[in-house]
Every structure is written in C-alpha cells, then in structure tokens.
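*Asks:* Structure for the following, please:
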Amino acid sequence: MTAAKYNIIFLAFFLLSKINAQKIELKGKKINDLEPKIVVPGNFSAPPSDAIILFDGSNFSHWHHSKSKEPVRWRLNNDKSFTIKPGTGSIETKKEHGSVQLHIEWKSPIENKGEGQSRGNSGIFFQGRYEVQVLNSYQNSTYPDGQAGSIYKQYIPLVNSMRPTGEWQVYDIVFNAPKYNNSGDIIKSGSFTVFHNGVLIQNNVEIKRPTMSIEKDTRKTLMLQDHDKNGTVSYRNIWMRKI
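*Replies:* Numbering: from 1, shown residues only. Next up is the predicted model:
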C-alpha cells in the first residue's frame, strides 16, 4: 500500500469516527439542551402591491369565530392592532387558503406575568391545523420545540430572534400546502420556511403531522388561537400572498 493510499484511508476513517462521535453526542442530549442561540434582529417593511390584506387595523371583516362563525369578540385597539379576549375562542379567516406567504406582527405586553408556556401563548394555524408557535420567548425558558417560531412539537427554531417583551415581533412565513389525492390522502407533505424579525429560523422544513387532530374537519382557513388564560397577545398588519 502506498503512503498516499494509506493517508486517504486514514483520513476517511478519521472523518467517519468524528461524524459518529457527533451523532452519539447528540443522541445523549435531551431536547431541552438544544436551546437556540440568541440573534439580535433588524427592522421590518410594508406589504407588497399584490398582498391580500387580512387586517389593516380598522375591523374584523375578513375574520369570524373559528367554531360558531359568529362575529369576532376580540378587542380592537386605537393603534391599529387587536388583542385576544380570553375565553371568547379562536378566530379564523372567512376564506380558505392554499400555499401562501404570510406576514403577521404580534406582541406580548410587559405586564404579562406567566412563565414558560403561560407567557403570551397563542398560535398561527395554517389550514386550521399546522401551527407556528406564538410565545413570549424573550428571557423565558420553555421546551425548545414549543418556543416562539417553532413548528410546534416538530421543529426547534434555528435561533431565538425575539425582540424584548412589549415590542412588536414580525413573522414572515412561507407555507407550501400538502398535496392530496382524490381519496383525501396526502401524497406530498407540506413545508414551512419562517423568518422571525427578518432572521431565518425555519428553513423549508417538512411538516410531519397536524398540530391538532381534525380528521373530520376539512376546513383550510388561517386560524389565530385563543389559548393563554391571560389573553394578552396582540396582532396587527396581517397580509398574505398566494404562491
């Protein structure tokens, strides 16, 4: 065996051992040890000309109660935002959607006193079932696949790009809807790409399953969740583009 061949074989075994060692190390970690690093975000921008405006600060004309279809009972604010009124139920768009680009801004106020999943918890459900988590994750520890920007209980954000509590957060989300056959079975999984305050936190991840089981419910609307008993999450400037 020549020295060159020996060196190549040795290098291959060395790299393989390093890869295997990394796999073993990751397997030994608990999911709570995989907390994303913190990144400071930049600024955000106005909607494009072809955007479908879902909320401009004036009324809930594009929304209704997600179950009863009654008018929205959440609170309209003077700053062109609205705030969840706890116990009144989640809301959804009146029209369904397929693959879309969504822009949405949200915040949890400073006076929110909960910890972990009880601090500013809401959610954005695409087609009524696939959730991107809304949570105050600024200096607030919880399980990583349940923090802000997670694909809930499926994918941890690449980084934590939260602004301080009380400031507006911005999500720009690309949702590629699953494809179905004539029997209603999924033949191609959907995917998410998520930017949080302009920072990429989910990179074309494949959706594994619905966040909530709604097998008998065929709705495909965009839903905002009434989930936190404190009810303090606010939203504004919501628009989407068909893709």
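*Asks:* And for the nearest residue to residue 210 once chain neighbours are set aside, the neighbour number?
*Replies:* Among residues not flanking residue 210 along the chain, residue 129 sits closest, at 3.9 Å (C-beta to C-beta, 6 or more residues apart in numbering). C-beta coordinates here come from the backbone N, C-alpha and C atoms, glycine included. Residues lying near residue 129 (other C-beta atoms under 10 Å) number 20.
*Asks:* Repeat that for residue 79.
*Replies:* 9.
*Asks:* Pull the contacting residues for it.
*Replies:* Neighbouring residues of residue 79 by C-beta atoms under 8 Å, 6 or more residues apart in numbering: 57, 236.
*Asks:* can you offset everything so residue one is 202?
*Replies:* In the new numbering, first residue 202, that becomes residue 280.
*Asks:* The worst-scoring helix or strand of the chain on mean pLDDT: what's the following helix or strand?
*Replies:* Scoring the helices and strands of the chain by mean pLDDT, DSSP states H and E places helix 204-228 at the bottom, with a mean of 46. Downstream of helix 204-228, the next assigned helix or strand under DSSP states H and E is strand 238-239.
*Asks:* who does the following helix or strand past that following strand pair up with?
*Replies:* Proceeding N to C from strand 238-239, the next assigned helix or strand is strand 253-256, under DSSP H and E. Strand pairing for strand 253-256, determined by DSSP bridges: strand 435-443 (antiparallel).
*Asks:* buried stuff in the partner strand?
*Replies:* 435-441 (16 or more other C-beta atoms under 10 Å).
*Asks:* With stretch 385-395 instead?
*Replies:* By neighbour count on 16+ other C-beta under 10 Å, the buried set for stretch 385-395 is 391-395.
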